[in-house]
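Asks: what follows is a predicted structure for the sequence shown.
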Amino acid sequence: EAGVTQFPSHSVIEKGQTVTLRCDPISGHDNLYWYRRVMGKEIKFLLHFVKESKQDESGMPNNRFLAERTGGTYSTLKVQPAELEDSGVYFCASSRGLTGNYGYTFGSGTRLTVV
Amino acid sequence: ILNVEQSPQSLHVQEGDSTNFTCSFPSSNFYALHWYRWETAKSPEALFVMTLNGDEKKKGRISATLNTKEGYSYLYIKGSQPEDSATYLCACSNFGNEKLTFGTGTRLTIIP
């Protein structure tokens, strides 16, 4: 089966600009997650979709971040306007079911650099 | 707040030797523990999902144990090979919450 695909793999933008990250999960995986790793720190949760619904968005840093999941398929994460502290690697993951039964399948991440 | 700690932070092991490292987590309200293997610039790869106290899982030369009462898990690698070099991530979730909280990882380097 195809894996989780993230686009772009790298993005360098100026402070104040807008960036949109995309994630295509494994087909049939209802659960989709966004995580972020800031340099040298642990991977941190941003939000969780079940199909097209936001199940938990408690990790979203502020209202500059907007995530959507159109029709329960691919997802986008928009950062507008970007700030320097938004730099990091943004991971998307999908799973077939609950974390007690299934591991995540991760994408390879989008490395975002805000200058 | 769920706090997951991994030790050591980094480890150098001679090829052929066996090694192990630790993941600690709060035992109250524990639901699941995941281990991932991550090579930089690649996708983290799921190794194990564990939920039951005393659980042991094995995948080739890699195995893991879980103690939910005292809040720790060990990951063991037997007969280390250069391809085992990676960062090993531990992550936990609590009941009623599907999000994973990750530790900072153990960076393993195998010396040929």
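Replies: Nice, thanks for sending it over.
Asks: for stretch B:4-13, which positions count as buried?
Replies: B:4, B:6, B:11, B:13 (16 or more other CB atoms under 10 Å in any protein chain shown). Using the backbone N, CA and C atoms, a C-beta is placed for each residue, glycine as well.
Asks: mind checking the end-to-end distance for that stretch?
Replies: Stretch B:4-13 stretches 24 Å from its first residue to its last (CA to CA, to the nearest Å).
Asks: now do it, average pLDDT.
Replies: Regarding stretch B:4-13, the rounded mean pLDDT is 97.
Asks: which regions of chain A sit below the pLDDT cut-off?
Replies: For chain A, applying pLDDT under 70 flags the ranges A:1.
Asks: again, 90 this time
Replies: Scanning chain A with the threshold set as pLDDT under 90 gives A:1-2, A:39-40, A:70-72, A:97-103.
Asks: separation between residue A:83 and chain B?
Replies: To chain B, residue A:83 is 23 Å away according to CB to the nearest CB, to the nearest Å.
Asks: hang on, that residue packs against residue A:114?
Replies: Yes. Under the contact definition of CB atoms under 8 Å, residue A:83 touches residue A:114, with a separation of 6.4 Å.
Asks: so how far is residue A:65 from the spatially most central residue of chain A?
Replies: Nearest residue to the geometric centre of chain A (CA atoms, centre = their mean): residue A:34, 3.2 Å. Distance from residue A:34 to residue A:65, counting by CB to CB, to the nearest Å: 9 Å.
Asks: now residue A:47
Replies: For residue A:47, the distance to residue A:65 (CB to CB) stands at 9 Å.
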